[in-house]
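S.K.: Sequence and predicted model, in that order:
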Amino acid sequence: MSVLLQQLANGVVQGALIALIALGYTMVYGIIQLINFAHGEVFMVSSYGGLATFTLLPDDLKKSPAVALPLMFVGGIVIAVIVAVIMERFAYRPLRNAPRLAPLITALGVSVFLQEAVRVWYPNAKSNLPYPKVFPEGSLTLGTINVPWTGVLLVVLSVGLSVILQTYVNKSRMGRAMRATAQDPDTAKLMGVNPDRVIVLTFVFGAVLAGVAGIMFGGYLNNINIDMGFQNGIFAFTAAVLGGVGSIRGAVIGAFIIGLIKTLAGQYMPGGTQYDYVWIFVVLILVLVFRPQGLFGEPERVRA
């Protein structure tokens, strides 16, 4: 029982990380029906951006986590936003009215480009790089369950930012513009909504969440590598599809389901952690067979 409870806690932390990335996938798809496979690399680049920020700090600031950690968040998020905005402007916007296959292939190309760019230009990026220990040490202990404080912070940030994002989309003027653009971009444009502004802001929101996830990932695992974007991007995309692409609530719940499946399957299912991908996609396929729109998605509307 103690092992089960510990794995459940680990799954919740894993799901919190995936949720921050999955929100970027689901928001972009909800607005422009684009599966942005490069979003995982935005998450990866932000983590390296945070590490670069720490490296450039004076030695006295490096010894002060209260100063170094916020600056790492700022550095990682800024890098993620810059990459996302450039990606949208030069890679996706020219293909907005093209057949869906064109931006999909472009997204894969951007993903490979970002990964190789970090590999070539970031010092020693070909191997795992240790992450600065600027997060609180120790763990939260509840009986036999131990969760590092970085994991607790990750869950709090993930849930809190998800609630803030959902509230913003539902209550704010720009949120209404986002929902209008997602429902019918042509009519929204006639009503005075600027689609370019809405789409750029959507990419920015996704990048900010990915930036937070990138810094937290490094702090939780204490090391980063250039493959982390692809691996966690696959989990995040799967979570978005499982929950219903375009649904913020669905992406978050789908992410926690994926996190729990990953940890529990690695512990109890045949093959251990080597087959956790298999069990994740088995669950995804079963859900989509009976509910193609995902757990919380809506059936696709066909416009006349």
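M.R.: Yep, it's here.

S.K.: all helices of the stretch 51-200 of the chain, in order?
M.R.: Per DSSP state H, counting those that start in this stretch, the stretch 51-200 of the chain has helices spanning 59-62, 65-87, 101-121, 149-171, 173-183, 185-190, 195-221. These are given in chain order.

S.K.: mind checking which of those is nearest residue 242?
M.R.: Distances from residue 242 to each of the helices of the stretch 51-200 of the chain were compared using Cβ to Cβ; the shortest belongs to helix 149-171, at 15.7 Å. C-beta here means a position set from N, CA and C on the backbone, and glycine is covered the same way.

S.K.: same question for the closest one, mean pLDDT?
M.R.: Helix 149-171 shows a mean pLDDT of 93 in the predicted model.

S.K.: Give me the neighbour count for residue 126.
M.R.: Neighbourhood size, residue 126 [other Cβ atoms under 10 Å]: 12.

S.K.: oh sorry, the question was meant for residue 104
M.R.: Residue 104 has 15 neighbouring residues, counting by other Cβ under 10 Å.

S.K.: what's near enough to touch it?
M.R.: When contacts are counted by Cβ atoms under 8 Å, 6 or more residues apart in numbering, residue 104 touches 34, 35, 37.

S.K.: okay if I get those residues as a markdown table plus pLDDT?
M.R.: Below are the contacts of residue 104 laid out as a markdown table (pLDDT from 0 to 100):
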| residue | pLDDT |
| --- | --- |
| 34 | 85 |
| 35 | 86 |
| 37 | 91 |
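
S.K.: Closest one of these to residue 77?
M.R.: Closest to residue 77, out of all of these and judged by Cβ to Cβ, is residue 37, at 21.0 Å.

S.K.: re the thing from before, which among the contacts of residue 104 gets closest to residue 295?
M.R.: Taking the contacts of residue 104 together and measuring to residue 295 by Cβ to Cβ, the closest member is residue 35, at 18.2 Å.

S.K.: mind listing what that closest one touches?
M.R.: Residue 35 makes contact with 25, 29, 104, 107, 237 under the criterion Cβ under 8 Å, 6+ apart.

S.K.: rerun at 10 Å
M.R.: If you count contacts by Cβ atoms under 10 Å, 6 or more residues apart in numbering, residue 35 has them with 25, 28, 29, 100, 103, 104, 107, 108, 237, 240, 241, 245.

S.K.: likewise residue 159?
M.R.: Going by Cβ under 10 Å, 6+ apart, residue 159 touches 16, 19, 252, 256.

S.K.: Contacts only, for the closest residue to residue 189 other than its chain neighbours.
M.R.: Excluding the flanking residues, the one nearest residue 189 by Cβ to Cβ, 6 or more residues apart in numbering is residue 195, at 5.7 Å. For residue 195, the contacting residues are 31, 32, 96, 177, 180, 181, 185, 186, 188, 189, taking Cβ under 10 Å, 6+ apart as the criterion.

S.K.: Not counting sequence-adjacent ones, nearest residue to the third one?
M.R.: What sits nearest to residue 96 in space, not counting adjacent residues and going by Cβ to Cβ, 6+ apart, is residue 32, at 6.8 Å.

S.K.: same deal with residue 15?
M.R.: residue 259 (2.7 Å).

S.K.: For this protein, give me the ranges with low pLDDT.
M.R.: In the predicted model, the chain carries pLDDT under 70 at residues 299-304.
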